[in-house]
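1. show me how the following folds:
(one chain, ligands or ions: 1)
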Amino acid sequence: MRDYSSHVERRDPARDVSITSLDACVVEGNFEWNLIKVETDAGVTGIGEAYRGGGVPELVEYTNRFLVGENPLDVERLVRYIFQEMSGHGGTTGKVVTAASGIEIALLDAAGKILDLPVYQLLGSKYRDEVRLYCDCHAGEAYAVEDGATAYADAEAYSPEAYAAEAARVTDMGFDALKFDLDLPADNDPDPYNGRLTNAAIAEKREIVAAVRDEIGDEIDLAFDCHWDYSVESAKRLAYELEPFDLMWLEDLVPPENMAAQTEVTKATRTPVATGENRFRVFELTDLIYDHGVDVVTPDPTTVGGLTETMRIADRAEENYMPMSPHNVCSPVGTMACVHLGAAVPNFDLLEFHALEVPWWDDLLVREEPLIDDGVIQVPEAPGLGIELDESVVDAHLLDVNATGHRVSDSSHE
Ligand code: MG
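-> The predicted model follows:
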């Protein structure tokens, strides 16, 4: 087996530092945010975030057995070490890659603090001073997460008027790019499994898109997400019907496994098509990008293997004159990691913000001003990610689980 542990013997003493422990906790926001801490003997702690959901803390805990004693500055080598050491645990894809993503971000934060550089500079260059966001919106009561699982409302919640009202509210907050869900209860009529859209279901979606566009005008960027629901023919019919509305993109029209089907849909419509959030590592997106099977690639840096792996995806996209807009449902930790990526990637378009429902989102960080102002986040100049966690707010929202991983009680949502 290839041995990715350290084999170097010479390093400047100031940079001869070691990881002393890795730890993770789950903060219960609108999603279960996996926050990761890497402690070092250099007097700094790195903070990262891995994509939401179960299993990550256990995997992070496991890495202590081979990462403790390693040099946190060797970020990329240590990610390869995780993939290799845990290859038999599913290390080439899935949750191990997700856990490695959060560890990688924490290592970059630690490395930046040790070297006195912001993370974007560790990634290469600074292309921009601020990163533009698009706001993920939900009409009325149309969507919620209850006990960590998606909870859908009844059909009345999905009226065109409710979508338009939410679009007006969010643009008034300063966002000039929005995304709504377009997978609706009618998609299950008359059959919930075959992926076919009736004419009535397509007409309902068209009405919603028209109402939002009418409300916000043509200058606001507008995307819709379909969450991998449709057959190829229904996806093509829907994308064709929505062409007059000049969308920023339509996201995840067909299930994610079959790249040929995805490519066929993308090439059949002038509506831009986006996908990528449930792919792992660059290998699962390379063919799709080179085949031009997607117009805007949307990897999730906290899933796909971290910021450096997302840079590889961005490189392949740039070679094909394609923008990248990362998926992001994170706390401010993962969001700020994506902001550094946004500063460092030339073909970066805009970043998702998906926490409008969490009034204490900003409070997780020690800072005077809200992170988001007028739909953008300023790229920080402080070392590492440039953030400090407010541990009391983290503690107030920790997910409380028992030994079998079942939640003990609800934490104190505000
Ligand atoms: Mg999506």
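2. which bits of the protein sit near the ion?
-> 225, 251 (Cβ under 5 Å from the ion). C-beta here means a position set from N, CA and C on the backbone, and glycine is covered the same way.
3. in the chain, mark out all the helices, start to finish.
-> Assigned by DSSP state H, the chain shows helices spanning 56-67, 75-85, 95-115, 119-123, 160-172, 199-216, 232-241, 259-267, 283-290, 301-304, 307-319, 332-344, 391-396.
4. against which helices or strands is the fourth one packed?
-> For helix 119-123, the packing partners by 3 or more Cβ pairs under 8 Å, 6 or more residues apart in numbering; DSSP states H and E come out as helix 95-115, helix 307-319, helix 332-344.
5. dump those to JSON lines, plus distance to Asp374, mean pLDDT and mean neighbour count.
-> Formatted as JSON lines, the helices and strands packed on helix 119-123 follow (distance: least, Cβ to Cβ, whole Å; pLDDT from 0 to 100; neighbours: other Cβ atoms under 10 Å):
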{"stretch": "helix 95-115", "distance to Asp374": "26", "mean pLDDT": "98", "mean neighbour count": "28"}
{"stretch": "helix 307-319", "distance to Asp374": "25", "mean pLDDT": "98", "mean neighbour count": "21"}
{"stretch": "helix 332-344", "distance to Asp374": "15", "mean pLDDT": "98", "mean neighbour count": "27"}
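6. can you put the ones you listed in CSV and add distance to Leu123?
-> What follows is the helices and strands packed on helix 119-123, written out as CSV (distance: least, Cβ to Cβ, whole Å):
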stretch, distance to Leu123
helix 95-115, 8
helix 307-319, 6
helix 332-344, 4
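7. pretty sure Arg213 is touching Phe245, no?
-> Yes. Under the criterion of Cβ atoms under 8 Å, Arg213 makes contact with Phe245 at 5.0 Å.
8. so where's the chain uncertain?
-> 140-155, 401-414 (pLDDT under 70).
9. just want the residue of it that's nearest the ion.
-> Asp225 (4.3 Å; Cβ to the ion).
10. not counting sequence-adjacent ones, nearest residue to that residue?
-> Glu251 (4.2 Å; Cβ to Cβ, 6 or more residues apart in numbering).
11. so that neighbour makes contact with Asp295?
-> No. With contacts counted by Cβ under 8 Å, Glu251 stays clear of Asp295, the gap being 10.6 Å.
12. intersection of neighbour lists for those two?
-> 273-274 (Cβ atoms under 8 Å, 6 or more residues apart in numbering).
13. neighbour count winner among the two?
-> Taking neighbours as other Cβ atoms under 10 Å, Glu251 and Asp295 compare with Glu251 leading, 25 against 18.
14. residues in contact with the more buried one?
-> 179, 223-226, 273-275, 298.
15. in the sheet, who's paired with it?
-> With DSSP bridges as the criterion, Glu251 is bridged to Asp225, Ala274.
16. hang on, the earlier thing: neighbours around the residue of the chain closest to the ion, how many?
-> 22.
17. what of Ile36?
-> Ile36: 29 neighbours (other Cβ under 10 Å).
18. okay then, goodbye and thanks.
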